[in-house]
Each structure stands twice: as C-alpha cells, then as structure tokens.
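A.B. asks: A structural model of the following input is requested.
(one chain, ligands or ions: 2)
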Amino acid sequence: MEKTKGELLKEQLFLKAENATTKLSDEELKKAHDFCEPYKKFMDDAKIENEAVVVAIEKLEAKGYKPFESGKKYVPGEKFYYNNRGRALIFGTMGTRPIEQGVKILASHIDSPRLDLKQRPVYEKDELALFKTHYYGGVRKYQWVARALALHGDVYKKDGSVVHVTIGEDENDPVFMVSDLLPHLSKDQNQRTLKDGLKGEEMNVVIGSQMFKDDKVSEKVKLNILNILFEKYGIIEGDFLSAELTMVPAGKSKDVGLDRSLIGAYGHDDRVCAYTSMMAELDYGDEKPEWTSIVVFADKEEVGSDSNTGLHSAFMEYMIADLAAPYGVPVRTVLSHSKCLSADVSAAFDPTFPDVYERNNSSFLNHGVCIVKYTGSGGKSGTNDCYAKFAGDVRRVMDDAGVIWQTGELGKVDQGGGGTVAKFVAALDVDTIDIGVPVMAMHAPMEVVAKTDVYMTYRAFYEFLKADL
Ligand code: MN
Ligand code: MN
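C.D. replies: Ligands and ions are numbered 1, 2, ... in the order given. Prediction:
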C-alpha cells in the first residue's frame, strides 16, 4: 500500500522513538548480548574504584599501554596511562593530529554509592561486634538493610605497606548485614518517613558475636574480631584511620528477565560508561588514531567530584599539560580546542513510577545511548548546558554511524535532578555534553541496564573518538 501524504510527512518530521530490540538485526542483537558478557565480569571484579583501576591497568598493559611519563614527547600511536593515587585513571593514545588542535575526552566515574566504614568503626554492644558506617553518595538507606554485604577496600599500615581486603564475594566467604526491625515491633518505626526509615547512625553492620575466651578482659567480641583481622591481614585498630574500607552489595551481576535482555548489578552508575569507554579506546588505540584520546575514570563523582581524585581537582588538566608541554603548546590551547563526552548514566523511565518522569523527555531502556544536553536541578542550577552546535555535531556523528540514540533529562522539572562531571570539564573551556546508558533503579544495590543500550554506548564512544569534530 502506498503511504499517505500524512504518513510520509510524519516520517519526515517526527523524531522517532526506536526500540533497539526490534530495530537491530538478530546478528547485531547477538553482538550486543556478547559484548555484555565480559562487562558483567568487569562489574564483578571491579566493585570499587581502586579495583576498577587495577582491573583496567591489567587490560591496558596487555594492549601495550605504559605508565605516563611527564616530560616525554609522545609520538603518534603511543599509548599511556596515568594512575592517580590508585583511585582514578587517565589513559589514551597519542594521535597524528597536532595536539594544539585539541584532544577527545571520554570522562566517566568509577565510584558508586555505598556504606563506607568510619575511621574508628569497630565497636561492641550487647555482646555483638559491629562496624559504624558513613554512607557515601546518594544512598536510599532502607534499600541497604537486611541483605548480604561484602567488605572491600585498602588499608595502609603504619609501615606504608598496603593490604587489599575483599570479604564476602567468594562462595565460601562470610558476608555482613545491617539489621532492621521485625514487623511485630516496628509500630513506631513505621511512622517515620521513608528517608529516615533507617537513620544514618543506624546503618551499623553486624560483624561478629563470638567472645575471646579470657575472663580478665572486657569487650571480648570486639577483641576476637580484631584478632581475626590481625591474624589474617596484620591490621590493628589504628590502621582504620588510613583505610578506605566500604560495604557494597555482595554477589555477582546477573541477567534479568526471562529473555536475558537486561543486566542487574551493583554500580552500573557509572562503571557501565567506564567499561564502554575503555573498550572504545582499546579498539580506537589500535588504529593509528588521528585524534589524541584521553579516557578518564574519575573518583568522587557521587559526592560532588571534590578531593584530588575527583574531576573538580586539576589532575586531568595537569596531565594534559604534561602531554602538551614537550610540543611547546600551552594546556589552555589544547583544552579550548578539545571535545568531551561526559560519560554518565541517565534515569530510565520506570512504568511503576511514571509520575516523576516527563515521558517525552525521558530515556527508555532499549532506546539506545541517551544524550543529555543539560543537567542540574531547579532552573537548571548546577548545570552543564552544552551549546547547541556541539550537541548537533554529536547527533550527526551518531546518525551517520547508525548509533541508536535518544534524549532524556533527569525526571520532571522540580522533581529533583542531579549533575555529573560535565560542568568541571566544561569549566576548562572544553566542549562537553552528557551521554550514557539509561539505568533503572539508579543508586539501588541492584541497578538495571539493557544490553542493547550498553552496546550502543560503546559504539557511540568509539564513533566520537574517530569523528571529525
Ligand atoms: Mn553517575
Ligand atoms: Mn550517581
């Protein structure tokens, strides 16, 4: 049947919403699913930022990336990585284009919301030993109780040596948990608001109950626990001051749904963009690239990007300055000509809670990589509002390469909001736009992404690195 005039016109004028699971060929769908198998492994091996740095460096070194040397004149094709204190990472490949013409930046973050241990965490109360915690990032506290938690992190001992701790991930490991009230006795607690269902100082983690056998000492359960830690790791109580230990959901990432189209995991935000940008760079770096690539895994995004491993610090600027200096090019010249994708997740529309989203401007699972022109809250406060030309350039690159994309902002106006690292990169005069994978149940112990979106995001990052922008 011939199309009517209205049908043809609609085709021409309307922005089409496209579900990748019907749009992609079976072969491409399989590619998307296959792409996500090693991604799940990455998520299991790299639950916190220091682990993500270690895992990434392993992959980079296997592909010929070498530790960055300040003062060295890098030639096209040379691959480097810069490890910022074991918690943030920059890596890339020197391109054939003169560096004064700018670099291509892919900036994601590798920290995720969780329960950090306080610096004096161990205590004993009523014959139980517990950890005091201080939640990190946007945590809905009630989601973190009465479930298996694992302990991850690094402890720097007085002699300067470091111990990496992971307890709760191996099948035979013990796990930990934050206790909650039984329904029979929660009459008063039930009157609390959801936000205070459990309060910050109630997020105490059960770590033991067995006493050290010695009638002469008090705090026998705490003593027994500290003794176990000392015997296994050589840690004493004072070492917690120089430790970054955290409680994250225990267990592995899993396919979600009978059709296995989704992945449930802890911390897709934002290791899904970290992983996809790394895979894009690994492919791009092998192709004698034209543009110099700078892939950033930042820390501290979930707490506002502050501290010297977050992108509010100058570490990326300094590193690019060091890369440009041997060519006699000031860093401001490089940055002013650079382009950045702030690679971070967006909030996928959730049919159970439609009221907080504005449907036309929401991202949907399986609708591809989500391009977000501006972030922020209220009247676009705290935003990076990308200027329209660059948004258009990115859109063209995606369309030309057949990358399925969508757009969406973070919920209804005045419903909440949030930001990313974009504004800190933009503050360096770099053209910057937000783009990434839609996530359902963001910041929950189990977050959900669609496999086709993960794959499209990888493709988007690769095409961006290659594109003439
Ligand atoms: Mn994020
Ligand atoms: Mn986040």
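
A.B. asks: all helices for the stretch 151-300 of the chain, in order.
C.D. replies: Secondary structure of the stretch 151-300 of the chain, counting by DSSP state H, counting those that start in this stretch: helices at 220-233, 268-285.

A.B. asks: Val345: which of these is closest?
C.D. replies: Closest approach to Val345 among the helices of the stretch 151-300 of the chain is made by helix 268-285 (4.6 Å; C-beta to C-beta). To be clear about C-beta, it is placed using only N, CA and C from the backbone, and glycine gets the same treatment.

A.B. asks: In the closest one, which residues are buried?
C.D. replies: 268-282, 284-285 (16 or more other C-beta atoms under 10 Å).

A.B. asks: what's the answer for stretch 294-303, then?
C.D. replies: Those would be Ile294, Val295, Val296, Phe297, Ala298, Asp299, Lys300, Glu301, Glu302, for stretch 294-303 by 16+ other C-beta under 10 Å.

A.B. asks: between those, which is nearest His164?
C.D. replies: Distances from His164 to those, taken as C-beta to C-beta, are shortest for Asp299 (16.4 Å).

A.B. asks: okay, now His33: neighbour count?
C.D. replies: His33 has 16 neighbours, counted by other C-beta atoms under 10 Å.

A.B. asks: other SSEs contacting the helix or strand hosting it?
C.D. replies: Using DSSP states H and E, His33 sits within helix 26-45. For helix 26-45, the elements it packs on are helix 20-23, helix 49-62, strand 262-265, helix 268-285, helix 451-466, judged by 3 or more C-beta pairs under 8 Å, 6 or more residues apart in numbering; DSSP states H and E.

A.B. asks: orientation of the last one relative to helix 26-45 in degrees?
C.D. replies: Comparing the axes of helix 451-466 and helix 26-45 via axes from the mean of the first three to the mean of the last three C-alpha atoms, to 10 degrees yields an angle of 90 degrees.

A.B. asks: what inclination does helix 451-466 have with respect to helix 268-285?
C.D. replies: Using the same axes, to 10 degrees, helix 451-466 lies at 50 degrees relative to helix 268-285.

A.B. asks: next one: helix 451-466 to chain centre, how far?
C.D. replies: In this view, helix 451-466 has its centroid 16 Å away from the chain centroid, taken as C-alpha atoms, centre = their mean, to the nearest Å.

A.B. asks: ok, now the second one?
C.D. replies: Remark: helix 49-62 is offset 14 Å from the chain centroid, using C-alpha atoms, centre = their mean.

A.B. asks: could you give the mean pLDDT of it?
C.D. replies: The average pLDDT within helix 49-62 is 98.

A.B. asks: Number the chain from 21, please
C.D. replies: Okay, residue one is now 21; in that scheme the one you just asked about reads as helix 69-82.

A.B. asks: For burial, what's the neighbour tally of Asp54?
C.D. replies: Look at Asp54: counted by other C-beta under 10 Å, it has 11 neighbours.

A.B. asks: How about the one 3 residues further on?
C.D. replies: Glu57 has 12 neighbouring residues, counting by other C-beta under 10 Å.

A.B. asks: Relative to Lys51, how far out is it?
C.D. replies: As judged by C-beta to C-beta, to the nearest Å, Glu57 and Lys51 stand 11 Å apart.

A.B. asks: hmm, stretch 124-134 in reach of ligand 1?
C.D. replies: No: Stretch 124-134 stays clear of ligand 1 (C-beta under 5 Å from the ion), getting no nearer than 5.7 Å.

A.B. asks: what comes up buried for that stretch?
C.D. replies: If you call a residue buried by 16+ other C-beta under 10 Å, then stretch 124-134 has these buried ones: Lys124, Ile125, Leu126, Ala127, Ser128, His129, Ile130, Asp131, Ser132, Pro133, Arg134.

A.B. asks: and these as JSON lines, adding secondary structure and distance to Ser90?
C.D. replies: Converted to JSON lines, the buried residues of stretch 124-134 look like this (DSSP: H, G, I helix; E, B strand; the rest coil; distance: C-beta to C-beta, whole Å):
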{"residue": "Lys124", "secondary structure": "strand", "distance to Ser90": "21"}
{"residue": "Ile125", "secondary structure": "strand", "distance to Ser90": "19"}
{"residue": "Leu126", "secondary structure": "strand", "distance to Ser90": "22"}
{"residue": "Ala127", "secondary structure": "strand", "distance to Ser90": "21"}
{"residue": "Ser128", "secondary structure": "strand", "distance to Ser90": "24"}
{"residue": "His129", "secondary structure": "strand", "distance to Ser90": "24"}
{"residue": "Ile130", "secondary structure": "coil", "distance to Ser90": "23"}
{"residue": "Asp131", "secondary structure": "coil", "distance to Ser90": "25"}
{"residue": "Ser132", "secondary structure": "coil", "distance to Ser90": "30"}
{"residue": "Pro133", "secondary structure": "coil", "distance to Ser90": "34"}
{"residue": "Arg134", "secondary structure": "strand", "distance to Ser90": "33"}
